[in-house]
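A.B. asks: this one's structure only:
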């Protein structure tokens, strides 16, 4: 009666495909309320102050071709968390944020956040299905390649990559849920690359003022078996800052920060 649910008893599905390698999964809703104080009575009334906010977020190891990055555009996804032969899910979710972290000695990790349009419901919105699970092929530091400034003659220690999709929900009188979700272009991109210095210096401090959106920044993540897992890039990339650091306990390191925009 009072048993706990362990991780092997819980499954997460997105649009018919089970997700593997999940570290954390959070699904939540919140309602903003206000207290109305009518004249002539000492009693208050609880009223809705804004639309309900429903969100899903998760963190997982990037150990196979990730289906989540396909939802940066207008497409929506269904999703559910399943246990005890039941499900709690939604039918219309939209990607807000997506990020990847890679570092020497670690398995790449993905974080994602979604905005949910329809109501979370128990039982009737099961997102499980027959979509085949891709082959698991765990990356190593030797199966990841990076193209950016100074990457050919210096040692890349790691990178952080992220994108943000700005979305606006449209609401009407007579409906509890948003009737439409609009993607506001462009999609915003960021990347931070950590490099151990061999022969490079920082660029001139004012170079950004003359040279913008002319950088090539891309990341290719393959599995140890050679399978392509993820290809990431920064469209219209600009190098916006660099940070050179050293300590008595380590080598000289340079961090390059990029931004970009695209569809």
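C.D. replies: It's in. Keep in mind that what you see is a predicted model, and the values were worked out from it rather than measured.
A.B. asks: can we go C-alpha only for contacts and neighbour counts from here?
C.D. replies: Will do.
A.B. asks: mind showing which ranges of this protein have poor pLDDT?
C.D. replies: Residues of the chain that meet the criterion pLDDT under 70 lie in 1-3.
A.B. asks: ok, the residue nearest the centre of it - contacts?
C.D. replies: Taking Cα atoms, centre = their mean as the criterion, residue 98 is the residue nearest the geometric centre of the chain, at 1.8 Å. The contact partners of residue 98, by Cα atoms under 8 Å, 6 or more residues apart in numbering, come to 69, 110-113, 162-164.
A.B. asks: do residue 16 as well
C.D. replies: By Cα under 8 Å, 6+ apart, the residues touching residue 16 are 78-79, 127-131.
A.B. asks: what do you get for residue 261?
C.D. replies: Shown in contact with residue 261 (Cα under 8 Å, 6+ apart): 186-189, 234-237.
A.B. asks: thinking again about what came up before, contacting residues around the nearest residue in space to the residue nearest to the centre of the chain that is not next to it in sequence?
C.D. replies: Nearest non-adjacent residue to residue 98, counting by Cα to Cα, 6 or more residues apart in numbering: residue 112, 4.5 Å away. By Cα under 8 Å, 6+ apart, the residues touching residue 112 are 57-59, 95-99.
A.B. asks: same thing with residue 176?
C.D. replies: Counting by Cα under 8 Å, 6+ apart, residue 176 touches residue 51.
A.B. asks: wait, is it part of a helix?
C.D. replies: No. Counting by DSSP: H, G, I helix; E, B strand; the rest coil, one finds residue 176 to be coil, located in no helix.
A.B. asks: quick one: it from residue 166, how far?
C.D. replies: 22 Å (Cα to Cα, to the nearest Å).
A.B. asks: now residue 128
C.D. replies: 28 Å.
A.B. asks: which of those two has more neighbours?
C.D. replies: The neighbour count for residue 128 versus residue 166, taken as other Cα atoms under 10 Å, is higher for residue 128 (20 against 16).
A.B. asks: so that one sits against residue 77, correct?
C.D. replies: No. Using Cα atoms under 8 Å, residue 128 is not in contact with residue 77, being 12.0 Å away.
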